[in-house]
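1. Have a look at this fold, sequence not included:
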């Protein structure tokens with residue numbers, strides 16, 4: 001039922017795994033509905049480069065479900081649908097896939113997918129409700145930043161207003177909504193506007209989950225090239241901590257705040273607003289330590305060299 005079992009048990013039989021999934025879906029059955037990303041222009045992203053976007057044939061997808069059923073029986077409890085934005089598929093197709101999943105795996109507790117805010121904003125509410133009622137529980141969406149200038153700079157393809165509209169619409173349709181924030185996406189110079197703009201959008205949406213990732217420029221992405229050319233200065237560990245502290249201070253939500261990624265400097269996890277002050281205190285203590293501890297600062301700096309995130 002894990003990715004490891006899938007890797008050794010399914011790929012020999014031509015099961016088409018999605019190449020990326022959220023950390024929270026590590027133990028999920030991975031079902032690929034689309035290949036690649038229909039947008040694929042974000043300046044920070046190195047995923048799906050060189051891959052032409054396509055929606056897989058429905059019979060191939062149903063065949064993957066049957067293959068997974070043969071291997072795993074009724075042991076599947078959670079499913080992740082890939083690749084980057086499965087909601088671009090027709091509603092009828094998604095419902096057929098979801099029905100097949102639940103018929104094959106009666107003990108499914110959660111089905112999730114990546115989605116794009118612009119797609120959610122454009123899709124009719126009645127279609128979203130039908131997809132939710134068919135069993136898709138949770139949407140993972142990249143907000144990255146709520147600042148208008150930075151959204152344009154990273155070519156996210158959505159405005160703060162569209163981000164807010166999509167979040168509210170998804171929640172109205174009944175989805176759990178998980179938003180991703182890229183700490184440091186404003187670089188060394190624009191951390192404050194990034195934190196404030198992001199908090200403003202998050203406060204309007206009040207998503208179920210806020211998941212933070214620390215931005216580390218990856219090869220084969222425009223921002224990596226900008227860094228190499230000296231046009232983008234990555235935020236220092238101290239700046240990342242200050243930005244995270246300001247973001248938390250500005251948040252007025254009831255979300256789960258999760259720092260569940262290897263790129264992050266601190267293991268911050270809590271329910272807002274209950275754990276807000278506790279997490280801010282953890283950051284304040286880390287700021288004091290990083291300013292006086294050269295070893296800790298160097299250790300945090302080394303995270304800038306992580307690749308294949």
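-> Perfect, thanks for sending it. Note that the structure is predicted; figures quoted are calculated from it, not measured. Numbers count the residues shown, from 1 in each chain.
2. Please give me every residue in contact with residue 214.
-> 182-184, 240, 261, 263-265, 303 (Cβ atoms under 8 Å, 6 or more residues apart in numbering). For every residue, glycine as well, the C-beta is placed using N, CA and C.
3. scratch that, residue 249 is what I was asking about
-> So residue 249 contacts residue 280 (Cβ under 8 Å, 6+ apart).
4. Next, give phi and psi for it.
-> Residue 249 adopts backbone torsions of phi -60, psi -30, taken as degrees, to the nearest 10.
5. Do you know the pLDDT at it?
-> According to the prediction, residue 249 has pLDDT 98.
6. can you check residue 304 too?
-> Residue 304 is given a pLDDT of 64.
7. Which residues does stretch 35-53 contact?
-> So stretch 35-53 is contacted by 19-20, 34, 54, 56, 83-85, 88, 116, 118, 142, 144, 153-157, 182, 185, 215, 217-224, 226 (Cβ under 8 Å, 6+ apart).
8. and that stretch, how far apart are its ends?
-> 5 Å (Cα to Cα, to the nearest Å).
9. Flag every buried residue along the strand or helix carrying residue 242.
-> Taking DSSP states H and E as the criterion, residue 242 maps to helix 237-250. By neighbour count on 16 or more other Cβ atoms under 10 Å, the buried set for helix 237-250 is 237-248.
10. Let me see the ranges of the helices in the chain.
-> Along the chain, counting by DSSP state H, helices occupy 3-9, 58-72, 91-104, 117-122, 125-134, 148-153, 160-173, 191-205, 222-228, 237-250, 276-292, 294-302.
11. Just send those helices back as JSON lines, with distance to residue 38 too.
-> Listed next are the helices of the chain as JSON lines, based on distance: least, Cβ to Cβ, whole Å:
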{"stretch": "helix 3-9", "distance to residue 38": "25"}
{"stretch": "helix 58-72", "distance to residue 38": "17"}
{"stretch": "helix 91-104", "distance to residue 38": "15"}
{"stretch": "helix 117-122", "distance to residue 38": "8"}
{"stretch": "helix 125-134", "distance to residue 38": "17"}
{"stretch": "helix 148-153", "distance to residue 38": "18"}
{"stretch": "helix 160-173", "distance to residue 38": "15"}
{"stretch": "helix 191-205", "distance to residue 38": "22"}
{"stretch": "helix 222-228", "distance to residue 38": "18"}
{"stretch": "helix 237-250", "distance to residue 38": "29"}
{"stretch": "helix 276-292", "distance to residue 38": "35"}
{"stretch": "helix 294-302", "distance to residue 38": "35"}
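12. related to what we said a few turns ago, just the buried subset of the contacts of stretch 35-53, please.
-> Buried, going by 16+ other Cβ under 10 Å: 20, 34, 56, 83-85, 88, 116, 118, 142, 144, 153-154, 156, 182, 185, 215, 217-218, 221-224, 226, out of those.
13. Filter those down to the ones in strands?
-> 34, 142, 144, 182 (DSSP state E).
14. okay, now the nearest residue to residue 82 once chain neighbours are set aside: neighbour count?
-> Closest residue to residue 82 apart from its sequence neighbours, by Cβ to Cβ, 6 or more residues apart in numbering: residue 18 at 2.5 Å. By other Cβ atoms under 10 Å, 20 other residues sit near residue 18.
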